[in-house]
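In: Sequence and predicted model, in that order:
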Amino acid sequence: MKHSMKKFMAIVLACVMALSLVACGGSPASQSAASGSQTGSGATTGEPTTLQVYTWWDITKFEHLQKMQADFEAANPDIKLEFVTIPSDYPNTMITKLAGGEIPDVMMLAMDQVPRYALNDMLMPLDDLASQEYMDALYPVVKDALTVNGTMYAAARDVTPKVMYLNTKMFADAGIEIPADDWTMEEFTELAQQLTKGSGADAQWGYYWANFMDQTYSMIAAFGGKLYSEDGKSSVLSTDENTKRAVQFMYDLYNTYKVCPSDQQAKQYGENEFAAFMANKVAMQIGALSTASTFDANGTEYTVLPMPSVDGVSQCSSFVNTWVIPKGAENPELSWRVVEFLSGKEGQQIALDMNYGLPASTMVDTTEFEAKTPYNKYFVEALETAIPFPTNLNGSEFQTMFQKECESLWAGALTPEEFEQRVDEQAAEILSKEA
């Protein structure tokens, strides 16, 4: 009996010690398994893996990003997305962060920055990750934006073809009919002159564009012009006849026809580039699909037309924003799952449905979008005819210089010929730099 009691007490003592060990956390291995912490490879044993997505947009202010995050996480419960906002000087700030070892899992990148990052060995090639179906479904205007020297380094976030917005209230108040969709640049100029009148607080203007590269290039593209030589080592403003026509035309809008407000005049209505349009002080302005969301939120009365035709051809520029995986990302396979969703049918359908970008892929159904308004078809048609925004390894530095010179051109301090010569001379040094 005593022997049995001793045996029983030994068993009880062993159980108590085992329970104490579990309560205290046990061995490091069992503690890691219980907490679901990540391993070095990024795999998890319980909790979802958190992936950081860097953008220049604040996700708390953009509902389409919120929906993309929610839908992705619902379909991929093993991954949690954390959006990090870089609010200013995004391209240069991210260069510094990547060089310093701060590597996000996924990041936004504008198409004009892709060559700069890729040729400085900061992006992961995506050729082995993207399917042939994905590549074949891309609109032609998109493909150049994603590749550098034949290698795919980016996946499309959305496409931004430009169209012309018309302030229908200003047209109606002036008793001017909205032109047909086959209007010409000559008609556009006449309308801009008719809609420009008044002075001081009563002043209004027929047309305006902010001194941003994509806005200016939209008009250059309408004339069939370009910025760079074929090898990208020089600019062609003083030699390309179509570009020269566009520069002269923009100069005349400001200085001959006087149908455009200065930046200072436009900004008295707000810092937003469309503030004067929304205040019913600018009658026409080039914009993208997301511009409609801005106007809708403001209650602005507007319609949309294709770009006015030049020599019988209506064409616009198109900008592509992308998703990329930085080189050195910890979990490239998981990162690609995020990129594949955001740049694929699901993510781009969300962007389209919420008016934040046209799809880069023909896999996205635009039928419902086109049925919403009579003019949405112009956005979709532009995907087939748009000219891609020109990219260059040294494009960022060139654009800074170009915009600075534009300030003098719009102000009438330079003639178009002087402007073109100054840009080409400075571009020779800037564009000849190697990676």
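Out: Received it, and whenever you're ready, just let me know what you need.

In: can you tell me which helix or strand Val159 belongs to?
Out: strand 155-161 (DSSP states H and E).

In: which stretches of the chain form strands?
Out: In the chain, the segments counted as strands under DSSP state E are 49-55, 79-85, 106-110, 147-148, 151-152, 155-161, 163-167, 205-207, 282-287, 302-305, 317-324, 387-388.

In: sorry, back to before: okay, the angle between the strand holding Val159 and strand 317-324?
Out: 160 degrees (axes from the mean of the first three to the mean of the last three Cα atoms, to 10 degrees).

In: packing partners for strand 155-161?
Out: Contact partners of strand 155-161 among helices and strands, from 3 or more Cβ pairs under 8 Å, 6 or more residues apart in numbering; DSSP states H and E: helix 140-146, strand 317-324, helix 332-343, helix 345-353, helix 376-385. Yep, even glycine has a C-beta here, placed from its N, CA and C like the rest.

In: The spatially most central residue of the chain and Ala222: what is the separation?
Out: Closest residue to the average C-alpha location of the chain: Asn321 at 3.4 Å, with Cα atoms, centre = their mean. Distance of Asn321 to Ala222, given as Cβ to Cβ, to the nearest Å: 21 Å.

In: Kindly report the same for Leu352.
Out: Per Cβ to Cβ, Leu352 is found 24 Å from Ala222.

In: out of those two, which sits in the busier spot?
Out: Of the pair Leu352 and Ala222, Ala222 is the one with more neighbours under other Cβ atoms under 10 Å, namely 27 against 23.

In: Could you tell me which residues make contact with that one?
Out: 185, 246, 307-308, 310, 314-316 (Cβ atoms under 8 Å, 6 or more residues apart in numbering).

In: Name the nearest of the residues you listed relative to Thr300.
Out: Met307 (20.1 Å; Cβ to Cβ).

In: what's that closest one sitting at in phi/psi?
Out: phi -60, psi 140 (degrees, to the nearest 10).

In: Help me confirm that it comes into contact with Gln315.
Out: Yes. If you go by Cβ atoms under 8 Å, Met307 and Gln315 touch, sitting 6.6 Å apart.

In: who's more crowded, those two?
Out: Met307 (26 against 20).

In: which one is that one nearest to, not counting chain neighbours?
Out: Cys316 (4.5 Å; Cβ to Cβ, 6 or more residues apart in numbering).

In: what about the one you found, neighbour count?
Out: For Cys316, the neighbour count with other Cβ under 10 Å is 23.

In: Over to the one 3 residues further on?
Out: Neighbour count for Phe319, taken as other Cβ under 10 Å: 23.

In: just checking, it touches Val141?
Out: No. Phe319 is beyond contact range of Val141, at 9.7 Å (criterion: Cβ under 8 Å).

In: Understood, closing this out.
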